[in-house]
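1. A structural model of the following input is requested.
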Amino acid sequence: MTSLGLYLTKKSVNRAMVSRRTGISQARLSQLTSNESTKLRADELYLIALAIDIDPGVMFKEVYQNLKLKN
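-> Presented below is the predicted three-dimensional model:
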């Protein structure tokens with residue numbers, strides 16, 4: 001499961017509702033939440049955050065908290 005998938009699961013988010021509100025297909029949401037190699041676009045993250053009434057910046061920080069700069 002991806003960090004987005006874990007985040008949505010933790011928040012008990014209904015993915016069908018997110019799909020309806022955002023226009024992102026359920027198949028795409030499934031890819032974004034289960035396949036680590038699938039890249040989440042900024043516009044998708046923004047729409048998902050709006051759909052679940054979460055500040056996009058807060059969601060961004062939590063979903064990408066494992067990213068680190070190279071030394």
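
2. Mind pulling up the pLDDT for Leu47?
-> Leu47 carries a pLDDT value of 98.

3. Find the residue closest to Ala16 in space, skipping its chain neighbours.
-> Using CB to CB, 6 or more residues apart in numbering and skipping the chain neighbours, the partner closest in space to Ala16 is Gln26 (6.5 Å). All C-beta spots, glycine's among them, are computed from the backbone N, C-alpha and C.

4. Touching, the one you found and Ser19? I think so.
-> Yes: the pair Gln26 and Ser19 qualifies as a contact (CB atoms under 8 Å) at a distance of 4.8 Å.

5. Between these two, which has more neighbouring residues?
-> A direct count of neighbours by other CB atoms under 10 Å for Gln26 and Ser19 places Ser19 higher, at 18 against 12.

6. name the element that one belongs to?
-> Following DSSP states H and E, one finds Ser19 within helix 15-22.

7. export that helix as CSV, just CAs?
-> In CSV, the C-alpha atoms belonging to helix 15-22 read as follows (Å, rounded to 0.1, in the frame of the first residue of the first chain):
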residue,chain,number,x,y,z
ARG,A,15,-12.9,6.1,-2.3
ALA,A,16,-16.1,5.9,-4.3
MET,A,17,-17.1,9.3,-2.8
VAL,A,18,-13.6,10.7,-3.7
SER,A,19,-14.0,9.5,-7.2
ARG,A,20,-17.4,11.1,-7.6
ARG,A,21,-16.3,14.4,-6.1
THR,A,22,-12.9,14.6,-8.0
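
8. Report the buried residues of that helix.
-> Applying a neighbour-count criterion of 16 or more other CB atoms under 10 Å, one finds Arg15, Val18, Ser19, Thr22 buried in helix 15-22.

9. wait, which of those residues is closest to Ser37?
-> Arg15 (19.4 Å; CB to CB).

10. any idea how far that closest one is from Gln26?
-> When distance is defined by CB to CB, to the nearest Å, Arg15 is 6 Å away from Gln26.

11. Same question for Glu36.
-> Counting by CB to CB, the gap from Glu36 to Gln26 is 19 Å.
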